[in-house]
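Q: Have a look at this prediction, sequence included:
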Amino acid sequence: MAKYENWDIAFGYAEDIINGKRIANKYRKKACKRFLDDYNNEKYDFDPKDAEFVIRIIEKTFCHQQGEDKYGNSLRGSPFLLMPFHKFIIYNLLGFKVKGTGINRFHECLIFIPRKNVKTSFAGALAYALGILNRLSGSKIYVVAAALKQTMETFEFVKYNIQNMGEDDADGGHFHIIDNNNEHSITAENIAGGMVELNALAANPDVQDSFNCNVAIADEIHAFKKPKQYNLFKEAMKAYRNKLMIGISTAGDDPNGFLAQRVKYCKRVLDKEIEDEQYFIFICEADATKSEDGTEFIDYTNPIIHEMANPAYNESVQAEDLMNDALQAQNDPQQRKDFFAKSLNVFTAAIETYFDMVIVRSSDEKYNWTLDELAKMPIVWYGGADLSKMHDLTGVALHGRYKDVDISITHAFIPVATAHIKAEEDNIPFFWWKEKGWLTLCNSAVIEYEEPVKWFIEMKKKGFKIKWVGYDRRYSREFVLKMKKAGFKMRDQSQRYTEKTEAFREIENKYIEQKFYYCHNKAYEYCIENVKAIEDSDDFVRFEKVEKTHRIDLFDADVIATKQMLIDIEKSQKASSWFE
């Protein structure tokens, strides 16, 4: 469209991604498909004037502060020209309007891209341009990160450009800059009939409150420890209609942290499992490759995978550099974790985490039996219960074997009051688990052990043939009495690591053999991700949770149930040999 300078670039980018002319990962393709579908959706008006204004402001006034181009030439002082994916993002954020109004459709955004893909400088330029765009409303912008040092990279980039334009009031310009130990702000009280204020802060939820802004950009949110560090600024926008909360980050090493949970949520939006029409999502990462035996893995030395994950491939990040880093990661395992997280944007668990989650998930995805189908199959089931303190998470499990495939059915319980607190403090999606049927919220202040007993009774009524149930002796007296009264055979399972190692190893082997199915239960998957294990000189395994705020209760319950199955198999084999 000749009328709009960047129309063909933004729409061409989406079309090239979808038709395969540009190599991209699955969720970037879904974002492009969403864009084209929404353009034809009668719920929205599409007007790119604001997007064109912001792109023009950035490209006509901003320049690079540092760096070199792909030919080794200095970029300092040269125009800051946006790449097609930047323009695609801006067209999405500012092009769609609520039908019949001037209100932007998107009020929240996740830009999830690897390092060196022009992320922090783009955030700074976008913050400045959005401030100018919304100046008549009194634009107030916060740029935040977990550490002030990271925020200052964005602030210094904007400051450099304002001074380079001659717009610092010290040179007779519009902007007053304060940059000292107490404050980092850039303010223009009267610019083209409006006001712009930009502040750089560290996201400290313990000391900050009473903010008011229309735009907030949270950089490197993988380092955020609490959702409040993000939500504090999101809540500060309620006085504005055209508000925008932007999270920009590369993956980290916490697969259960705040960012990881946001990415999971956003993937569910793009998968159309849930609807969130106000959230724009741009996810760039390496997709897993499936081998001939069905196992999934990241083919990290493949240049196609590199390009798939990096939207600025062969622009700001060079193909030869990625390949060199990949080969180093291949030959030096200690480099691999950082390469996966920073260059391929794949979450890597902390070093202490024991299981390879790509293998675990790949095994589960091979099977798709429903609970009703499992109840009718000729399987002997064994129960396990990891009974926590009555105000915390409790896990129960059924474990069975069909032919050579192990199947785990797990369920969690937690008091609703505790769930509210722990969901906020520990980043655990209890309420999503409840929605999916993997968890029961107990209305009382503590867990009534009648609840897990009811679960076993309900599973038995469904048709599950439960031979006996193992339990952890701690906190179990009331539970055991109720279970026996309900007709279940109970077995006290020793919690010594020497006793539990056999079951742990059995589960581990089934993961590796791709013969383990956990019914797509993400609560159980969460617990597997948090298992830390130490092997002693006799190959016994001591396992515990990686962090004290994490949970492994469902995995522990499954280990107890698996141990019951192995005991029964051993008894059957002994009985069989006695009759021979």
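A: Good, I have the coordinates.
Q: And the strands in the stretch 151-300 of the chain?
A: For the stretch 151-300 of the chain, the strands defined by DSSP state E, counting those that start in this stretch occupy 176-179, 184-191, 194-202, 215-219, 244-249, 279-283, 289-290, 296-297.
Q: in its sheet, what does the third one sit against?
A: It stands for strand 194-202. Partners of strand 194-202 in the sheet, by DSSP bridges, are strand 139-145 (parallel), strand 184-191 (antiparallel).
Q: just the angle between the shortest one and strand 244-249, please?
A: Just to be clear, that refers to strand 139-145. Here the directions of strand 139-145 and strand 244-249 differ by 20 degrees (axes from the mean of the first three to the mean of the last three C-alpha atoms, to 10 degrees).
Q: neighbouring contacts of strand 139-145?
A: Defining contact as C-beta atoms under 8 Å, 6 or more residues apart in numbering, one finds that strand 139-145 is touched by 123-124, 127, 130-133, 151, 154-155, 194-203, 211-221, 223, 229, 233, 236. C-beta here means a position set from N, CA and C on the backbone, and glycine is covered the same way.
Q: what's the burial count for the residue nearest to Cys266 when sequence neighbours are not counted?
A: Sequence neighbours aside, Ile281 is the residue nearest to Cys266 in space, at 4.4 Å (criterion: C-beta to C-beta, 6 or more residues apart in numbering). Ile281 is flanked by 24 other residues according to other C-beta atoms under 10 Å.
Q: And the one 10 residues further on, by the same measure?
A: Neighbours of Ser291 under the rule other C-beta under 10 Å: 12.
Q: same thing with Ala288?
A: 17.
Q: cool, Asn368 as well?
A: By other C-beta under 10 Å, 10 other residues sit near Asn368.
Q: now swap in Asp556 and tell me
A: 25.
Q: Please look at it and Asp386 and confirm they touch.
A: Yes - taking contacts as C-beta atoms under 8 Å, Asp556 lies within contact range of Asp386: 4.2 Å.
Q: one step back: most packed of the strands of the stretch 151-300 of the chain?
A: Among the strands of the stretch 151-300 of the chain, strand 215-219 has the highest mean neighbour count (mean count of other C-beta atoms under 10 Å), at a mean of 26.
Q: Let's see that strand as CSV, backbone CA atoms only.
A: The C-alpha coordinates for strand 215-219 follow below in CSV (Å, rounded to 0.1, in the frame of the first residue of the first chain):
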residue,chain,number,x,y,z
VAL,A,215,3.5,2.8,29.3
ALA,A,216,5.8,0.5,31.2
ILE,A,217,8.6,-1.5,29.7
ALA,A,218,10.0,-4.4,31.8
ASP,A,219,13.3,-5.5,30.5
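Q: so it versus strand 194-202, what angle?
A: Using the same axes, to 10 degrees: strand 215-219 against strand 194-202 is 30 degrees.
Q: tell me what strand 215-219 is packed against?
A: Strand 215-219 sits against helix 120-133, strand 139-145, helix 148-165, helix 228-234, strand 244-249, with contacts defined as 3 or more C-beta pairs under 8 Å, 6 or more residues apart in numbering; DSSP states H and E.
Q: Please repeat the previous calculation with a cut-off of 6 Å.
A: Where contact means 3 or more C-beta pairs under 6 Å, 6 or more residues apart in numbering; DSSP states H and E, strand 215-219 is packed against helix 120-133, strand 139-145, strand 244-249.
Q: and among those, the most buried is which?
A: Mean neighbour count (mean count of other C-beta under 10 Å) peaks for strand 139-145 among these, with a mean of 26.
Q: As PDB, could you dump the C-alpha coordinates of that strand?
A: Extracted as PDB, the C-alpha positions of strand 139-145 are listed here (Å, rounded to 0.1, in the frame of the first residue of the first chain):
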ATOM      1  CA  SER A 139       2.600  10.600  28.800                       C
ATOM      2  CA  LYS A 140       4.400   8.900  31.700                       C
ATOM      3  CA  ILE A 141       6.700   6.000  31.000                       C
ATOM      4  CA  TYR A 142       8.600   3.600  33.300                       C
ATOM      5  CA  VAL A 143      11.500   1.500  32.100                       C
ATOM      6  CA  VAL A 144      12.200  -1.200  34.700                       C
ATOM      7  CA  ALA A 145      14.400  -4.200  35.200                       C
END
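Q: hang on, the earlier thing: so can I have a markdown table of the strands of the stretch 151-300 of the chain showing distance to His306?
A: Listed next are these as a markdown table, based on distance: least, C-beta to C-beta, whole Å:
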| stretch | distance to His306 |
| --- | --- |
| strand 176-179 | 38 |
| strand 184-191 | 36 |
| strand 194-202 | 33 |
| strand 215-219 | 24 |
| strand 244-249 | 19 |
| strand 279-283 | 16 |
| strand 289-290 | 13 |
| strand 296-297 | 15 |
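Q: ok so, going back, how about the strands paired with strand 194-202 in a markdown table, adding distance to Trp7 and mean pLDDT?
A: Output for the strands paired with strand 194-202, formatted as a markdown table (distance: least, C-beta to C-beta, whole Å; pLDDT from 0 to 100):
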| stretch | distance to Trp7 | mean pLDDT |
| --- | --- | --- |
| strand 139-145 | 26 | 91 |
| strand 184-191 | 28 | 90 |
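Q: Contacts for the lowest-mean-pLDDT helix or strand in the chain, please.
A: Every helix and strand of the chain was ranked by mean pLDDT, DSSP states H and E. The lowest is strand 296-297, at a mean of 74. Identification of contacts with strand 296-297 by C-beta atoms under 6 Å, 6 or more residues apart in numbering yields 288-290, 358, 362.
Q: Am I right that Asp539 is in a helix?
A: No - read with DSSP: H, G, I helix; E, B strand; the rest coil, Asp539 is coil and lies in no helix.
Q: got a list of what the nearest residue to Gly252 once chain neighbours are set aside touches?
A: Among residues not flanking Gly252 along the chain, His222 sits closest, at 3.2 Å (C-beta to C-beta, 6+ apart). Going by C-beta under 6 Å, 6+ apart, His222 touches 249, 252, 259.
Q: Point out the least confident member of those residues, please.
A: Sorting the contacts of His222 by confidence puts Gly252 at the bottom, with a pLDDT of 81.
Q: how many neighbours does that residue have?
A: Gly252: 20 surrounding residues under other C-beta under 10 Å.
Q: any idea of the pLDDT on the residue nearest to Gln65 when sequence neighbours are not counted?
A: Once flanking residues are discounted, Gln65 sits nearest to Tyr160: 4.7 Å by C-beta to C-beta, 6+ apart. If you check Tyr160, the pLDDT there is 94.
Q: Tyr160 and Glu499, how far apart?
A: To Glu499, Tyr160 is 63 Å away according to C-beta to C-beta, to the nearest Å.
Q: ok, now Asn164?
A: 69 Å.
Q: neighbour-wise, which of those two wins?
A: Using other C-beta under 10 Å, the more surrounded residue of Asn164 and Glu499 is Asn164, with 15 against 12.
Q: Could I get the pLDDT score of that one?
A: pLDDT at Asn164 comes out at 92.
Q: hey, what's the nearest residue to it once chain neighbours are set aside bridged with?
A: Closest residue to Asn164 apart from its sequence neighbours, by C-beta to C-beta, 6+ apart: Cys63 at 6.2 Å. Note on Cys63: beta-bridge partners by DSSP bridges are Pro79.
Q: Can you point out the buried residues in stretch 392-403?
A: By 16 or more other C-beta atoms under 10 Å, the buried positions in stretch 392-403 come out as 392-401.
Q: shaky segments in the protein?
A: For the chain, the stretches flagged by pLDDT under 70 are 1-2, 205-210, 292-295, 333-334, 349-353, 389-391, 475, 495, 537-538, 574-580.
Q: Contacts only, for the residue positioned nearest the centre of it.
A: With distances taken as C-alpha atoms, centre = their mean, Ala260 lies nearest the centre of the chain, 2.1 Å away. Neighbour list for Ala260: Phe347 [criterion: C-beta under 6 Å, 6+ apart].
Q: redo that, cut-off 8 Å
A: By C-beta under 8 Å, 6+ apart, the neighbours of Ala260 are 222, 251-252, 254, 347.
Q: Please enumerate the strands of the stretch 401-550 of the chain.
A: Counting by DSSP E, counting those that start in this stretch, the strands of the stretch 401-550 of the chain are 405-415, 439-442, 465-471, 490-492, 516-517, 531-535, 541-545.
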